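Student: make a model of this:
(one chain, ligands or ions: 2)
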Amino acid sequence: MNSTKLTIGSTIGIIGGGQLGKMMAQSAQRMGFKVAVLDPDETCPARFSAHHFIHASYNDLTALTKLGELSDSVTYEFENIDGEALAALTENYNVPQGSAAVITLQNRLSEKDAVAAAGAQVVPYVPVDDAAALETAAEQLGFPFILKTVFGGYDGKGQYVVKAAEQLESAREFISSGLCVAEQMIDLQSEISITATAAADGSVVFFPVQENVHRNQILYRTTVTGTHRHQQNAINEVKKIMADIKLIGTFTVEFFIDQEDKLYVNEIAPRPHNSGHYSIEACDYSQFDTHILAVAGWGLPEQITLHQPAVMYNLLGQDLDVMAHVFSEHPEWHVHVYGKEVRKHDRKMGHVTILTTANDYETIYEEQMK
Ligand code: ADP
Ligand code: MG
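Tutor: Ligands and ions are numbered 1, 2, ... in the order given. The predicted structure follows:
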């Protein structure tokens with residue numbers, strides 16, 4: 001069923017109706033597809049960009065089946081969906097991405113095991129499920145190290161940095177919530193990511209390397225020049241991973257770069273990614289366009305062209321409070337507001353992309369945010 005080629009007017013079903021689902025839906029509709037969205041939140045951003053809306057939890061099998069019935073191809077906007085439910089859906093409906101990759105990648109431990117087994121470089125890590133394993137982690141990794149819950153973390157949630165032995169007691173408390181991975185803390189020079197899209201026919205296309213700055217472990221700024229020195233290294237690492245994990249659609253691999261300029265794979269998001277949003281304005285295809293091409297069984301472009309270097313800033317709840325009144329004065333900022341009903345501190349409410357060849361964004365944008 002993997003090679004089903006959708007005709008115009010077919011329906012693409014999306015599990016999850018957040019901003020990623022919304023931007024997928026917008027690409028799909030431009031190409032003439034209809035969209036069905038399943039989400040537990042009746043006011044989710046994608047609802048108002050969809051022809052059909054199913055109000056249900058992500059693991060509601062009856063609702064997922066309804067989505068399958070409505071759709072000619074089913075995809076998902078985030079990885080924390082119910083892997084078994086997705087596997088069941090794959091039996092009877094066209095789910096081009098399948099369920100195996102998402103099941104491997106939604107678990108930080110099996111993700112790291114798979115990346116390491118594929119021969120890509122990962123940060124040294126130790127699984128931690130009890131106090132003894134925590135001691136082992138401290139011995140093997142040294143301080144500081146970082147504990148991450150195996151399931152469900154995002155934007156730095158579910159992480160605890162263990163700076164010194166005095167913190168082992170609170171670390172024991174942290175691990176009582178469930179299985180964790182302990183990871184060596186890297187003295188970061190920078191962080192990059194690369195977004196790619198793969199199709200069922202084996203073709204794959206890479207976007208330019210994205211350089212990412214995080215604040216409080218949440219993506220703050222992405223800059224893309226098209227000339228990053230690690231472009232080829234990043235592609236080589238991704239190709240190793242792809243030989244072992246069958247990735248279809250758009251996905252992003254995040255990397256750490258240490259002080260010796262060495263690259264480590266941090267994590268893989270098997271879906272469009274925040275650091276790829278600039279592609280909507282800066283590239284000839286956005287990460288959402290290529291995702292839809294892949295799940296529609298259509299061909300992918302041979303390459304992605306970056307029309308102009310770009311910088312993207314996330315708009316969190318607090319930024320939107322400060323910024324909303326200046327949007328009207330900056331037509332050169334491509335403003336995206338997702339339409340979430342509830343504005344919260346640190347919640348991703350939108351983003352801004354500026355097409356710029358110079359590092360002048362610090363004055364034109366960051367000055368305004370102060
Ligand atoms: P998620 O994005 O799922 O919240 P990540 O593992 O990507 O989780 O961690 C979020 C951010 O925290 C990273 O982008 C990085 O800035 C920082 N971080 C995470 N792990 C490490 C590490 N081992 N060494 C240094 N910084 C880290
Ligand atoms: Mg991350």
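
Student: at the contact with ligand 1, which residues of the stretch 1-150 of the chain appear?
Tutor: Taking C-beta under 6 Å from any ligand atom as the measure of proximity, the stretch 1-150 of the chain contacts ligand 1 at V123, I146, K148. Glycine gets a C-beta too; all of them are placed from N, C-alpha and C.

Student: just to be sure, the last one is in a helix?
Tutor: No - in this structure, K148 is strand, not part of a helix, as judged by DSSP: H, G, I helix; E, B strand; the rest coil.

Student: so it makes contact with C180?
Tutor: Yes - between K148 and C180 a contact is recorded at 6.1 Å, counting by C-beta atoms under 8 Å.

Student: and stretch 55-63, how far from the chain's centre?
Tutor: 22 Å (C-alpha atoms, centre = their mean, to the nearest Å).

Student: so for it, what gets flagged as buried?
Tutor: Of the residues in stretch 55-63, those scored as buried under the neighbour-count criterion (16 or more other C-beta atoms under 10 Å) are A56, Y58, D60, A63.

Student: closest to ligand 1 among those residues?
Tutor: Closest approach to ligand 1 among those (C-beta to the nearest ligand atom): Y58, at 17.9 Å.

Student: thinking the closest one is in contact with G16, fair?
Tutor: Yes - the pair Y58 and G16 passes the contact test of C-beta under 8 Å, sitting 6.9 Å apart.

Student: pLDDT weak spots in the stretch 101-250 of the chain?
Tutor: For the stretch 101-250 of the chain, no stretch has pLDDT under 70.

Student: where do the helices sit along it?
Tutor: Using DSSP state H, counting those that start in this stretch, the helices of the stretch 101-250 of the chain run over residues 108-117, 131-141, 168-175, 231-244.

Student: which of those sits most buried?
Tutor: Per-residue neighbour counts averaged over each of the helices of the stretch 101-250 of the chain give the maximum for helix 108-117, namely a mean of 19 (mean count of other C-beta atoms under 10 Å).

Student: quick one: that one to helix 231-244, angle?
Tutor: Our comparison of helix 108-117 with helix 231-244, counting by axes from the mean of the first three to the mean of the last three C-alpha atoms, to 10 degrees, yields an angle of 110 degrees.

Student: which outside residues touch helix 108-117?
Tutor: Residues outside helix 108-117 that contact it (C-beta atoms under 8 Å, 6 or more residues apart in numbering): 103-105, 122, 125, 127, 148-151, 153, 179, 181, 241, 244-245, 265, 267-268.

Student: stretch 85-94 now?
Tutor: Taking contacts as C-beta under 8 Å, 6+ apart, the residues outside stretch 85-94 that touch it are 1, 4, 15, 58-59, 61, 64-65, 67-69, 71-74, 76, 95, 98-99, 102-103.

Student: so what's the residue count around the residue nearest to Q217 when sequence neighbours are not counted?
Tutor: If the residues on either side of it in the chain are set aside, Q217 comes closest to G156, at 2.5 Å by C-beta to C-beta, 6 or more residues apart in numbering. G156: 16 surrounding residues under other C-beta atoms under 10 Å.

Student: just to check, G156 is in contact with I218?
Tutor: Yes - G156 sits in contact with I218 when judged by C-beta under 8 Å, with a separation of 6.3 Å.

Student: interface residues of the stretch 151-300 of the chain facing ligand 1?
Tutor: Within the stretch 151-300 of the chain, the positions lying close to ligand 1 (C-beta under 6 Å from any ligand atom) are 153-156, 183, 185-186, 188, 191, 214, 217, 254, 266-267.

Student: list buried residues within those.
Tutor: Using 16+ other C-beta under 10 Å, the buried ones in these are G153, D155, G156, E183, M185, I186, E191, E254, N266, E267.

Student: just the residues you listed: which are in strands?
Tutor: Per DSSP state E, strands hold the following members of those: E183, E191, E254, N266, E267.

Student: pull the most distant pair out of those residues.
Tutor: Between any two of those, the greatest separation by C-beta to C-beta is 14.2 Å, found for E183 and E191.

Student: what two of the buried residues of stretch 55-63 have the greatest distance between them?
Tutor: By the measure C-beta to C-beta, Y58 and A63 form the most distant pair in the buried residues of stretch 55-63, at 8.7 Å.
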